[in-house]
Each structure stands twice: as structure tokens, then as C-alpha cells.
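In: the following block contains a protein sequence and its predicted model.
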Amino acid sequence: MKKTVITLASALLVGLAANAQKVEFEEYDLNNGMHVILHQDNTAPVVTTSVMYHVGAKDEQPNRTGMAHFFEHLLFEGTENIKKGEWFKIVSSNGGTNNANTTDDRTYYYEVFPSNNLELGLWMESERLLHPIIKQEGVNTQNEVVKEEKRLRVDNQPYSRFLENVKKHMFKKHPYKGTTIGKMEHLDAATLDEFLAFNKKFYVPNNATLVVAGDINIEDTKKLIDAYFGSIPKGKDITRNFPKEDPITKEFTAKAYDPNIQIPAIVEAYRTPSMKTRDARVLDMISTYLSSGKSSVLYKKLVDDKKMALQAGAFNLSQEDYGTYILFALPLGKTSLTDLVKEIDEEIAKIQNELISEKDFQKLQNQFENDFVNSNSSVEGIANSLARFNVLYGDTNLINTEIEIYRSITREEIREVAKKYLNKNQRLVMEYLPESKK
């Protein structure tokens, strides 16, 4: 009976995904190089206006880290037509919400408004692009904001330096070796002219993708976009030529220390290919198999059954140029970090040498089908996906077709990709340890 229920649930999920409404969109370029993507969905009176700039932490100068994230804050300071401190008031008083976020690869700004405020959202984003006020006063204000954010999210949070330490060992040449929030001494040393130059180089229409999604009329929206963005001057072309990393051919070890923890962690990290590759999607599946939920392989083995770990998991940090595949565990009781490495390695070896079961494979497929349906369940989520697939993958229609890649992955492919990337001679093993307080 249990098998019948599982099969029925699987069939229902596949049917749901197969019948999930295709995300229709229209895309085109303005004369100044700005890419525009429009998605019309009139089922609810809501509209998202968003702009993704192809600039992230990797685009910074080595002695000026944190600049991209700093701009995420700085460009809410105000514009020639939006007074200092008024941005969020305008949004909230018109029934909207807004936010922004930065990664190593891109910066994303968005507003969600009742659809009768579409023009307001477009005006505000055009103001951010065309008329930002970048003065020393605003730089000083946001410098303190970013420092406080670093204190809250990094300096005083347990395990918050975990990824920072992995990256600095995994990347010796590529700028992924840094952190998104950067070093405060770099921001302190930056001059106003450097902030102005960063804005002039990267915040240009030909480095931006504008997405408008929701309760809109396509032709009317095009006219508004042309009115607010069409006359903005094109910037200089941006060229990127980041140094390539040498392959890792021998296991290496490291130690890192955190003053905010009492329990150590063990980390295994492997450098993997760009998020755009098929192999990156297979690695997504492997990490889900190993550590998604309490029934996953690592959690069930190390936490539930053997009682060796407080926590264990794996994740594929997939980025535009490279990925980093990370496994980790926190020991329980007298379990040593070496014992945890041995147990994790046994599970990797199984994936490399045996096919995962049909039952586990179907469970994986169901999870990815479910994620696909959920990611397109809101206009806000659709806007984000349209921008991301265009800017980072160069293929907007992946919003509809990426699930086909996951569906086509086989058990044999999972085994072969694990063999290709998750080998002992291709990795960092890092002990993440409590820092003794003197």
C-alpha cells in the first residue's frame, strides 16, 4: 500500500508541474542597451518593477572590497527628485514594499506596488539610475549602516565566517576569494571620486535588465518605459577578464577560528563549474540527496542513527563563473572531526560507485518539480527569476525550460558527476574551530 501511495503522489506532482502555467514574457532592448522583460499577469492587481545590474563583489578592485554591496545601500539615499530619507516613505505611503540585495555576481532592486502605481515604480528606478545623489554626507551615513550590518550579521554571529574562510582558500586568483560585505578599512579609505567612478562604470542602462511583471498592459508599459528610461545615455561597454583558477590536484587542509562558537565544525569543499553548466544542476541534485530534510542521507546517518553529529549537510554554492560544493558537520559528544570526515567520505564513495535507489531518485525528481512550481507561484518570484536567468545565464526562457534539464538527469549521471568533482585530491578539508578567549 505504501508503494502505491508514493507512486500516486509522484504522479500527481509530475502532473502538477507538467500543467504549471508557462511563464509568458516579451523581451527587447532599448537603444541605450537596457534589456527589458515584460510579463503580464492580470489575475491580481499587483505589479513588480525591478532592475538587476550585472555588478557584484567580483567586480571590485582588490583594495576596495565591499563597494557593490555598499551601493545597494547608497542608492537609497535619494536622487535629484527624491529627497534624502524619502525613498521608503514614498513606497510605503503608496501601498508598496521594496528591497535590494547583492551577491558576488549581481545587484537587484525591486518594488512591489498596487498595479495603479506602475508608473511610480518605473519613475523611482529611472531616478536611481539617472539622478542619484552621491555625496560625502550620504557615503558617511551608509558607511555606518554597513558597519552595523557587519557587526550584526558577521562579527557577532556564530559560524558567520565559515563561508568567508572557505572561499579565501578555494580561490587564489579569482575575486570570489573575497566577501560580499567586504573589508571596512577598504570602504573607509575610498574617496568620493571612487564612489562616483563605480557608479559611472556599472550603473548604466547597458549593464541593466529591467523587469516589469504583473497586472499590466504590455503596450502601455512599453510607452512608459521608453518615457522614463529611453533617453538615459548609454555607458561605456564593460569588459570582464577574471583570472582563471588552477585545478586543485592535491587535498589541502586549513584551520579557521570563530570567537562566537563553542562547537567546532568540519568542512569539505570542492571547486566546481559555473551555474550555467549541466554538471552544476547534477551537483544540485547530489546536495539535495545528501542533506535536504531530516530523511536525507547525511542527517539520517550522522544525526539520527549514529548520534555522531548535531548537524550535517551539503550545499552547492553555484555562481556565474565557478561553484563551490561544500559538505559540513558539527560533532556531538566525543566524536572527532576526523571521524566525521570518514563517515561523510563513505557516503560520497557510495554515490560515486553505486546508483542511488529508484525510490530516492524519484523523491529527488519530486522535490525539484515542487521547487519549480513554487518558484513561479508569485509575480515577485517570477520577476526575480526572469532577471536572474537573463543576466547570469543569458537565457531568459530558462524560467520555463530549466526544469527539463533536471528531469533529464539520470542516476548514472549523478554517479559520474560525483566521480568527476568530489574526489579527495580535489578538495579543501577545513577545521572550523572555537577561538580561545584570553
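Out: Now that the structure is in, tell me what you want to look at.
In: can you show me the strands along the chain?
Out: With strands called from DSSP state E, the chain shows them at 26-29, 35-40, 46-53, 97-102, 107-114, 208-214, 252-258, 265-272, 309-318, 323-331, 427-434.
In: in CSV: those strands, plus mean neighbour count.
Out: C-beta here means a position set from N, CA and C on the backbone, and glycine is covered the same way. What follows is the strands of the chain, written out as CSV (neighbours: other Cβ atoms under 10 Å):
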stretch, mean neighbour count
strand 26-29, 12
strand 35-40, 21
strand 46-53, 26
strand 97-102, 17
strand 107-114, 23
strand 208-214, 27
strand 252-258, 14
strand 265-272, 23
strand 309-318, 21
strand 323-331, 24
strand 427-434, 20
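In: nearest to residue 201, of the ones you listed?
Out: Nearest to residue 201, of all these, is strand 46-53, at 10.9 Å by Cβ to Cβ.
In: which among the strands of the chain is found nearest to residue 417?
Out: Taking Cβ to Cβ, strand 265-272 is the member of the strands of the chain nearest to residue 417, at 9.2 Å.
In: on that earlier part again, mind putting the strands of the chain into TSV with distance to residue 387 and mean pLDDT?
Out: Output for the strands of the chain, formatted as TSV (distance: least, Cβ to Cβ, whole Å; pLDDT from 0 to 100):
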stretch	distance to residue 387	mean pLDDT
strand 26-29	11	98
strand 35-40	7	98
strand 46-53	4	98
strand 97-102	12	97
strand 107-114	7	98
strand 208-214	5	98
strand 252-258	34	97
strand 265-272	24	98
strand 309-318	17	95
strand 323-331	20	98
strand 427-434	32	98
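In: could I get those strands as a markdown table with distance to residue 238?
Out: Putting those into a markdown table (distance: least, Cβ to Cβ, whole Å) gives the following:
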| stretch | distance to residue 238 |
| --- | --- |
| strand 26-29 | 16 |
| strand 35-40 | 14 |
| strand 46-53 | 10 |
| strand 97-102 | 17 |
| strand 107-114 | 14 |
| strand 208-214 | 11 |
| strand 252-258 | 34 |
| strand 265-272 | 25 |
| strand 309-318 | 23 |
| strand 323-331 | 23 |
| strand 427-434 | 32 |
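In: compare those and give me the one nearest residue 283.
Out: Closest to residue 283 of the strands of the chain is strand 309-318 (Cβ to Cβ; 4.4 Å).
In: what are the pairing partners of that closest one, and which direction each?
Out: Using DSSP bridges, the strands paired with strand 309-318 are strand 323-331 (antiparallel).
In: residue 384 contacts residue 109, correct?
Out: No - applying Cβ atoms under 8 Å, one finds residue 384 not in contact with residue 109, separated by 11.2 Å.
In: bridging residues for the residue nearest to residue 275 when sequence neighbours are not counted?
Out: Leaving aside its sequence neighbours, residue 275 sits nearest to residue 318 (Cβ to Cβ, 6 or more residues apart in numbering; 3.9 Å). Per DSSP bridges, the residues bridged to residue 318 are residue 323.
In: mutual contacts of residue 384 and residue 109, please.
Out: Counting by Cβ atoms under 8 Å, 6 or more residues apart in numbering, the common neighbours of residue 384 and residue 109 are residue 50.
In: one step back: residue contacts, the residue nearest to residue 275?
Out: Applying Cβ under 8 Å, 6+ apart to residue 318 gives the contacts 272, 274-275, 280, 283-284.
In: from these, which is closest to residue 66?
Out: Once Cβ to Cβ is applied, the member of these that ends up nearest residue 66 is residue 275, at 23.1 Å.
In: that closest one touches residue 393, doesn't it?
Out: Yes - taking contacts as Cβ under 8 Å, residue 275 lies within contact range of residue 393: 7.3 Å.
In: more crowded one of those two?
Out: It is residue 275, of residue 275 and residue 393, that has more neighbours when counted by other Cβ atoms under 10 Å, with 21 against 16.
In: how about residue 332: what's its closest non-neighbour residue?
Out: Among residues not flanking residue 332 along the chain, residue 310 sits closest, at 5.1 Å (Cβ to Cβ, 6+ apart).
In: the one you found: what's it in contact with?
Out: Residues counted as contacts of residue 310 (Cβ under 8 Å, 6+ apart) are 263, 303, 330-332.
In: wait, which of those residues is closest to residue 50?
Out: Looking at those and their distance to residue 50, the nearest is residue 330, at 37.3 Å (Cβ to Cβ).
In: ok, that closest one to residue 302 distance?
Out: The spacing between residue 330 and residue 302, counted by Cβ to Cβ, to the nearest Å, is 10 Å.
In: need the residues touching each of the two.
Out: Both residue 330 and residue 302 are in contact with 309, 312, where contact means Cβ under 8 Å, 6+ apart.
In: next, give phi and psi for the residue nearest the centre of the chain.
Out: The centre of the chain sits closest to residue 103, judged by Cα atoms, centre = their mean, with a distance of 6.2 Å. Torsion angles at residue 103 (phi, psi; degrees, to the nearest 10) stand at phi -130, psi -170.
In: excluding sequence neighbours, find me the nearest residue to it.
Out: Looking at residue 103 with Cβ to Cβ, 6+ apart, the closest residue is residue 56, at 5.2 Å.
In: pLDDT weak spots in this protein?
Out: Counting by pLDDT under 70, the ranges of the chain that qualify are 1-20, 437-438.
In: switch to 50 and redo it
Out: For the chain, the stretches flagged by pLDDT under 50 are 1-19.
In: stretch 176-193: which residues count as buried?
Out: By neighbour count on 16 or more other Cβ atoms under 10 Å, the buried set for stretch 176-193 is 176-182, 184, 186-187, 190.
In: in TSV: those residues, plus distance to residue 214.
Out: Formatted as TSV, the buried residues of stretch 176-193 follow (distance: Cβ to Cβ, whole Å):
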residue	distance to residue 214
176	34
177	39
178	36
179	34
180	29
181	32
182	34
184	39
186	39
187	36
190	38
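In: biggest separation within the residues you listed, which pair?
Out: Using Cβ to Cβ, the pair of those lying farthest apart is 176 and 190, separated by 21.2 Å.
In: pull the number of nearby residues for residue 360.
Out: Neighbours of residue 360 under the rule other Cβ under 10 Å: 16.
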